[in-house]
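**Q** Take this sequence and fold it.
(chains A and B)
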Amino acid sequence: MKPAPFAYAAAQSVDEALALLSEGGEEARPLAGGQSLVPMLNFRLARPALLVDLNPVDELAGIAVPEDQSLRIGAMTRQASLLRSAVVGRRWPLLTQAVAHVGHAATRSRGTIGGSVAHADPKAELPVALTALDARFRVRSRERGARTLAAAEFFAGPFTTALRDDELLVAIEVPAPPRHTRMAFAEYARTHGDFAVAGVAVVVAPGGHAALALLGADAVPVRAHAAERALRDGAAAPEVARLAAAGVADDHRRALISALTERALRTLSS
Amino acid sequence: MIGASLRRREDARMLRGETRYLDDISEAGMAHAAFVRSPFAHAAIESISVPEAAEGLVAVITAADLGDAVRPFPVMEPRGAEVATAEAHPVLATGQVRYVGQPVALVIAHSRALAEDAAELVEVEYEPRPVVTSPRDSDLTLMRWHRRAGDVEAAFAAAAHVVTGRYALPRLVAAPMEPRGCIASHDAAADLLTVFCSAQDTHRPLEHLAHILDRPPSAIRVIVPDVGGAFGSKGVIAPEVAAVAAAALRLGIGVKWAEDRLENLVTGSQGRGIEGELELALDDEGRMLGLRARLRSDLGGYLLTTTPLPPHTAATLIAGCYDIGVADVEVVGARTHKVPIGPYRGAGRPDAAYMLESLVDEAARQTGIDRVTLRRRNLIRTFPHTTPTGLEYDSGDFERCLDLALELAGDEAQASDAGHARGTGIAVYVERAGGAFESAAIELLPGGRFTIASSSSPHGQGHDTTWAQIAADRLGVELDAIELRFGDSAGAPPGVGTFGSRSVAMAGSAVALAAEQLVERGRELAAEVGIDADDALNWTALAQAADAPLRAEATFRSANVFSSGAYAAGVRIDRATGVLTVERLVAVDDAGTLINPLLVHGQVIGGAVQALGQCLSEEAVYDEDGQMRSGSFLEYGLLTAADIPPIVTGEVQTPSPLNPLGAKGAGEGGAVGALAAVANAVTDALGGKYVSPPFTAEKLWRALREVDEAAGPR
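**A** Modelled structure (predicted):
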């Protein structure tokens, strides 16, 4: 389990990282916290010619709340920092709840939000929570400049995103939740810290806002639109849960998603 | 000192990071090994093409290069068993491969990374052959053992009830925290092969290497450094160790193989992998009249040295704690195209207890006799007891274990409700421990200090503290006057090894005997030189008075001793999802006289946690092509600390009459009792419907639906 030979370059800035990725083309891969990429390198499943290390790029890390009261999470923000963030816990508790399920304390201290999102594991928690929060994904490239994608655009398939070879996910922007928004995350994993088999992220706000995103229903995070409509119309939890799970092909997974939806609705926090 | 719950004195060194595991050791000029492994479960090797040069490459070695320099593994033949010894595991593949990951070529380079790079350049042409993954489809029996006792037909003909059951346990991996590895080097001048090996002891690696390399044991030195867990999987050397030793002899340089997690998960010997059909004959009051058992074990592609042992142990223990004089028991070990099985914590004991205790619960359901009453009515109460399978239980108090487990479990069982199906389970077990021999050599040093060389070496059990407690008790000195030496075949007294819950009973008894002999010598010397020895011996004065260092060496030998216990579990299954929660687990073990109850407690918890892993999530999964689908910790469901329910322990101490300490063994009881008790609780929650472990949410959800459908509308 030693990686195949590769070249290594430590980027000191986003511009330098973008230049390295642009020059490296499809043979270059950015290295964030390394909690997924490094095992894949060691298994020799990933064999990039060049690793662009983002760890020295300070401008990519950090959690900020700009004037519009939205949340801006730098791509290199460690999962542990998100878990510890007081403002996130207060205003976006869904993220705090979801990231607590990501791996273990040791892996969270190294693993990053951007890395987890860009890896796009269909069993990962953060992409689903961010999907429920209508997060937007800020990406940049040297040639193409910057663009901002919605979750439905960003997550293209299992382990696949809309990111092009020369593009880098630089930040995730989460809109300010309306006052008195309540959120909850529930999942089932075989063992503590394992990737989830199924999961549900729910966001409900007074005045007719409801979002419900599913993990394990499809190869990408999906919004359960019929369930969201029912939730807005004041349907009871069992009915919302039934609608959320209705489109899931596998019967046991359908049962899991239904039960987790009910549990999440019961535990909605303000 | 004996009976004191002392903390492990070896822990300070470990917590400070002062331990030296295999991969911490380096030798000047040492090269590194990686293996070219079979990607097929079954194939003929048509050709192997080796790169002429690669960066840092030292050598590529195949079976053809080794030729007659190595022999296949020695294979143990359990008493009374037929064993196909010709199917012994080869060091490197010779013409064919029989499991994914089998070592085909050894690549040696200046670093492990370079060795892995060069291994990709070795081209092997395979001709795939049909793959057998189920022992039921096997065309070759590697091992068979059969025993009849009494008139089985008459017992079944006279029975008021005949209860049958079919049970299966999938394979598991041992997953020690430190994977396997070795460093081999050859001193040509002395013709001494030195092998550092992450192993359970020095004796068996030395014996296996002597056989495989056809070298006198005196020309081999085995050193076992600190070992980060083994659970049975490091008792036999890996084929890779033999290949590296042969390469070191051939090349004249030191070679290290420190395997990675992928190698360990896919190619380390696996445990369990057994299924059985059992029949129990009972009279109308529930007395057990006779037992039939047909066990089938999934042994894998070849026999490693101890591959035949776990199924044999399962078969011999199949009558459990019950007074059944009449039995017909057969076990067949079938060849499949998977990595060989080997001992893994319990090594057949959990398999036997699981199947028998499942059957006894089934008997309780079918006869309408309460499951505790049914057990009580049949428990063995007099010792020694000879089983129909030929074992002799030395001692025990099975009913006291059962009583204590029931008492600790209490009467809090909650009923099932709309949300959850609840169940409780009880299981009793008996397990074989001890046997054969171990030795200890003790020496008095100046200042009244002592060194003890033990034949047994530790890999997490706490030998250093426990042995010191035994010696301190016999010598009448403080613990810190005693220094233990383990793990070097040069200097270790003769022994067999650390396995099968045997170390305290055997090696601990040897320490006690050696210390007692030293006390005798001390008294003789005291009388000779006129030192007062009415009370405690003045060892400092004796050390000064002695012309030559005072020494004693003792070997302790005995028949097997038998530990036992009773476990109780309470579980709930979420009806909506099938998710299983083990709400409580009670563990009562009788390991004879306890030297250090705290360390025994740790052993029980550790074993029980491994059993919970088998219950909840662990399974070595293979597809129909023989590819392992659980070859990383992403797929293999190893439990974490957060997944462990509260475990209540209790102890019964029935001293063994077979050794001076009265000790039995505690290393495996948790793994034996917990599996059977939790499994019975799950079956109880499912209203008697059998599901094989692991009890995944999906399996239990489907089982509950079938139970509900069979019951009709509620």
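
**Q** from the chain's centre, how far out does the longest helix anywhere in chain A sit?
**A** What stands out as the longest helix in chain A, according to DSSP state H, is helix A:251-266. Computed by Cα atoms, centre = their mean, to the nearest Å, the chain-centroid distance of helix A:251-266 equals 20 Å.

**Q** and it, C-alpha only, in PDB?
**A** Taking C-alpha atoms only, helix A:251-266 is exported to PDB below (Å, rounded to 0.1, in the frame of the first residue of the first chain):
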ATOM      1  CA  ASP A 251     -37.400  -2.000  -0.100                       C
ATOM      2  CA  HIS A 252     -35.200  -2.100   3.000                       C
ATOM      3  CA  ARG A 253     -33.500   1.200   2.000                       C
ATOM      4  CA  ARG A 254     -37.000   2.600   1.500                       C
ATOM      5  CA  ALA A 255     -37.900   1.500   5.100                       C
ATOM      6  CA  LEU A 256     -34.700   3.100   6.400                       C
ATOM      7  CA  ILE A 257     -35.300   6.400   4.700                       C
ATOM      8  CA  SER A 258     -38.900   6.500   5.800                       C
ATOM      9  CA  ALA A 259     -37.900   5.800   9.400                       C
ATOM     10  CA  LEU A 260     -35.000   8.200   9.400                       C
ATOM     11  CA  THR A 261     -37.300  11.000   7.900                       C
ATOM     12  CA  GLU A 262     -39.800  10.400  10.800                       C
ATOM     13  CA  ARG A 263     -36.900  10.500  13.300                       C
ATOM     14  CA  ALA A 264     -35.500  13.700  11.800                       C
ATOM     15  CA  LEU A 265     -38.900  15.400  11.800                       C
ATOM     16  CA  ARG A 266     -39.400  14.400  15.500                       C
END
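
**Q** Outline the domain layout of chain B.
**A** Per automatic domain parsing, the domain ranges recorded for chain B read B:22-130+B:175-267, B:131-169+B:274-367, B:434-558.

**Q** and these, which is most packed in?
**A** Sort the domains of chain B by mean neighbour count, taking mean count of other Cβ atoms under 10 Å in any protein chain shown, and domain B:131-169+B:274-367 sits at the top with a mean of 23. (C-beta placed from N, C-alpha, C; glycine too.)

**Q** Now do it, average pLDDT.
**A** On average, the pLDDT along domain B:131-169+B:274-367 is 98.

**Q** end-to-end on it?
**A** Domain B:131-169+B:274-367 has an end-to-end distance of 43 Å (Cα to Cα, to the nearest Å).

**Q** Stretch B:144-164 now?
**A** For stretch B:144-164, the end-to-end distance is 22 Å (Cα to Cα).

**Q** distance between it and the chain's centre?
**A** That offset, for stretch B:144-164, works out to 31 Å (Cα atoms, centre = their mean).

**Q** Now do that stretch: everything it contacts.
**A** With contact meaning Cβ atoms under 8 Å, 6 or more residues apart in numbering or on different chains, stretch B:144-164 is reached by B:78, B:80-82, B:277-284, B:286, B:289-290, B:292, B:311-312, B:315, B:325-333, B:359, B:362-363, B:366-367, B:388-390.

**Q** do the same with stretch B:525-541
**A** The contact list for stretch B:525-541 (Cβ under 8 Å, 6+ apart) reads B:444, B:446-448, B:450, B:475-477, B:481, B:519, B:522-523, B:542, B:545-546, B:550.

**Q** Show me the residues you listed that map onto strands.
**A** B:Leu444, B:Phe450 (DSSP state E).

**Q** What mean pLDDT does stretch A:33-47 get?
**A** Mean predicted confidence for stretch A:33-47 is 96.

**Q** Identify the residues contacting B:Leu585.
**A** Applying Cβ under 8 Å, 6+ apart to B:Leu585 gives the contacts B:567-570, B:608, B:612, B:645-648, B:674, B:677-678.

**Q** Please identify which helix or strand holds B:Lys234.
**A** Under DSSP states H and E, no helix or strand contains B:Lys234.

**Q** so it makes contact with B:Val241?
**A** No: between B:Lys234 and B:Val241 there is no contact under Cβ atoms under 8 Å: 9.9 Å.

**Q** which neighbours do these two share?
**A** Common contact partners of B:Lys234 and B:Val241 (Cβ under 8 Å, 6+ apart): B:Arg180.

**Q** For chain A, which segments count as helices?
**A** Under DSSP H, chain A gives helices at A:14-24, A:37-42, A:79-84, A:86-91, A:93-99, A:105-108, A:113-119, A:126-132, A:151-154, A:225-232, A:237-245, A:251-266.

**Q** Buried deepest among these, which one?
**A** Of the helices of chain A, the one with the most neighbours on average (mean count of other Cβ under 10 Å) is helix A:126-132, at a mean of 28.

**Q** and the residue in the stretch 101-250 of chain A that chain B sits nearest to, how many neighbours?
**A** In the stretch 101-250 of chain A, the residue that lies nearest chain B is A:His192 (3.7 Å; Cβ to the nearest Cβ). For A:His192, the tally of surrounding residues (other Cβ atoms under 10 Å in any protein chain shown) stands at 14.

**Q** okay, it: pLDDT?
**A** A:His192 is given a pLDDT of 93.

**Q** What separation is there between the closest residue to it other than its chain neighbours and B:Arg629?
**A** Excluding the flanking residues, the one nearest A:His192 by Cβ to Cβ, 6 or more residues apart in numbering or on different chains is B:Ala642, at 3.7 Å. Remark: distance between B:Ala642 and B:Arg629 (Cβ to Cβ, to the nearest Å) = 25 Å.

**Q** Could you do B:Ala591 as well?
**A** 37 Å.

**Q** ok, now B:Ser457?
**A** 35 Å.

**Q** do the same with B:Val241
**A** Counting by Cβ to Cβ - B:Val241 and B:Arg629 are separated by 27 Å.

**Q** Then B:Gly390?
**A** Computed as Cβ to Cβ, the B:Gly390 to B:Arg629 distance reads 39 Å.

**Q** B:Ile183 too?
**A** Computed as Cβ to Cβ, the B:Ile183 to B:Arg629 distance reads 33 Å.

**Q** ok, now B:Asn560?
**A** 38 Å.

**Q** Please apply the same query to B:Gly495.
**A** For B:Gly495 relative to B:Arg629 (Cβ to Cβ), the value is 40 Å.

**Q** Could you do A:Ala64 as well?
**A** Counting by Cβ to Cβ - A:Ala64 and B:Arg629 are separated by 43 Å.

**Q** Spell out which parts of chain A neighbour chain B.
**A** A:1-5, A:39, A:42-44, A:104, A:188, A:190-195, A:197, A:252, A:255-256, A:258-260, A:262 (Cβ under 8 Å from any Cβ of the partner chain).

**Q** give me that answer again for 6 Å
**A** Selection of chain A residues close to chain B by Cβ under 6 Å from any Cβ of the partner chain yields A:Met1, A:Lys2, A:Arg190, A:Thr191, A:His192, A:Gly193, A:His252, A:Ala255, A:Leu256, A:Ala259.

**Q** so who does the last one touch?
**A** Which is A:Ala259. By Cβ atoms under 6 Å, 6 or more residues apart in numbering or on different chains, A:Ala259 lies in contact with B:Ala576, B:Thr577.
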